[in-house]
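**Q** the following block contains a protein sequence and its predicted model.
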Amino acid sequence: MTIAVTGASGDLGGRVARELATRGVEQRLIVRDVARAPQLPGADVAVAEYEDSEAMAKALDGMGTLFLVSGHEGPERVSLHRKAIEGARLAGVERVVYTSFMSAAPNATFPYARDHSATELAIREAGISLTSMRNSLYADVAPQFVGADGVIRAPAGHGRLAWVARADVARLAAVLLVEPGHEGQIYDVSGPHAIDLHETARILTKATRRAITYHAETADEARASRAGNPDWLVEGWIGSYLMLDTGEGSVTSHTIEQLTGKRPMTLSEFLAAEPSSFAHLIG
C-alpha cells in the first residue's frame, strides 16, 4: 500500500518522508511547490493545497493511507482541514494518521486543541479510519519562547509539559503508518518527563550559556504584552500557556518508546542534538 505524506517540504512532514524512505516504503509526497519536495527513493510527488478538495482527491488517487500534517494556525484552519479531508474521502483514502494535539477536546483551554478536536471529528464523519497523534509541544520551538531580553514570559504558572522532539514524533509516525494495529487509535505523544518553564529556562541557559529566566505573567499581563497582534493569534499564544497552568498539557506518555523501541529525547538531549534550534539566542 502506497502512503501519502502531506507537508513533505516542511520540517515534520519531511522527517516522516525520510523515515519512510529509509524503510523502503513507496510514498507520494503532497506539496504546494514541486521544487521544494525532497528527492527520495521510492517517492513520487503530487501538487495540491488543502483548500482545493479536487486537487487533493487527484493527488491522493490510489492512496490507502494519508499522513495529514495539521495546517498553519489561523482562523480558517479547520475549514482547510475539512476540505483536505473531503479530498481524501473522494479519493477513497481508508486511513488518516493525523498530527493532533495533547488534550484535544471541544472545550479545551488551548484554542488550537479545539481545532484539532474538530479535525479528528471531521475525519471520522468522512468515514475514514483515524489514527490520532496527540502531540505535546515540540522541543524544537522551546527556544522560540525566549524573548530578546532572555526572559520567557507566559501565564503558565507552575504548569509542566513534556517537550517532544519532532525527530521522535517522525519516528513514531513512520511506525503508525506502516505497521498494522493502529487503526482507530488515539495516542498521547510526549517526551520522557514533564518539566515546568523554570526548569525549561535552566536547561536553555545551560545549552546557550546565556542567562535565561521564566517570568509567570497573569493572563491580563500576557494580553497587554502581546497587544497589536490579531486577537486570534494572541488568544492562541495565551491559551498554549494557560493549558499548562490547568494541567491539560502535562500528560507524560510512553507511546514513543513502547511503539518504536527507543526512548524519546529529553529537552537537554534535543538541544545537544540540534543546536541550530537555539542559534538565534547566541548569535
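**A** Structure received.
**Q** let me see the contact set for Ala165.
**A** By Cβ atoms under 8 Å, 6 or more residues apart in numbering, the contact list for Ala165 reads 138-140, 191, 264-265, 270, 273-274. For the C-beta atoms, the positions are set from N, CA and C on the backbone; glycine is no exception.
**Q** what mean pLDDT does the helix or strand where Val169 lies get?
**A** Per DSSP states H and E: Val169 is located in helix 166-178. Helix 166-178 shows a mean pLDDT of 98 in the predicted model.
**Q** just to revisit the earlier point, of the contacts of Ala165, which is the most crowded?
**A** Greatest neighbour count in the contacts of Ala165, by other Cβ atoms under 10 Å, goes to Ala139: 30 neighbours.
**Q** Met265 - nearest residue in space that isn't next to it in sequence?
**A** Ala165 (4.8 Å; Cβ to Cβ, 6 or more residues apart in numbering).
**Q** the one you found and Val47, how far apart?
**A** In this structure, Ala165 and Val47 are 29 Å apart, going by Cβ to Cβ, to the nearest Å.
**Q** just Ala142 next, same as before
**A** 33 Å.
**Q** show me which of the two is the more surrounded one.
**A** The neighbour count for Ala142 versus Val47, taken as other Cβ under 10 Å, is higher for Ala142 (24 against 15).
**Q** that one contacts Glu199, correct?
**A** No. Using Cβ atoms under 8 Å, Ala142 makes no contact with Glu199, being 11.1 Å away.
**Q** after the host helix or strand of Gln258, which helix or strand is next? Please name it.
**A** In this assignment (DSSP H and E), Gln258 forms part of helix 255-260. Counting by DSSP H and E, the next helix or strand C-terminal to helix 255-260 is helix 267-273.
**Q** would you mark the buried spots in that next one?
**A** 267-271 (16 or more other Cβ atoms under 10 Å).
**Q** what is it packed up against?
**A** helix 197-208 (3 or more Cβ pairs under 8 Å, 6 or more residues apart in numbering; DSSP states H and E).
**Q** quick one: average confidence on the helix it packs on?
**A** On average, helix 197-208 scores 98.
**Q** how far does that helix sit from the chain's center?
**A** Helix 197-208 has its C-alpha centroid displaced from the chain centroid by 22 Å (Cα atoms, centre = their mean, to the nearest Å).
**Q** list the contacts of it.
**A** So helix 197-208 is contacted by 142-143, 145-146, 152, 154, 156, 158-159, 163, 195, 211-214, 216, 244, 267-268, 271-272, 275, 278, 281-282 (Cβ under 8 Å, 6+ apart).
**Q** same question for stretch 46-57.
**A** By Cβ under 8 Å, 6+ apart, the surrounding residues in contact with stretch 46-57 are 4, 6, 28-34, 58-60, 71, 79-81, 83-84, 86-88, 90-91.
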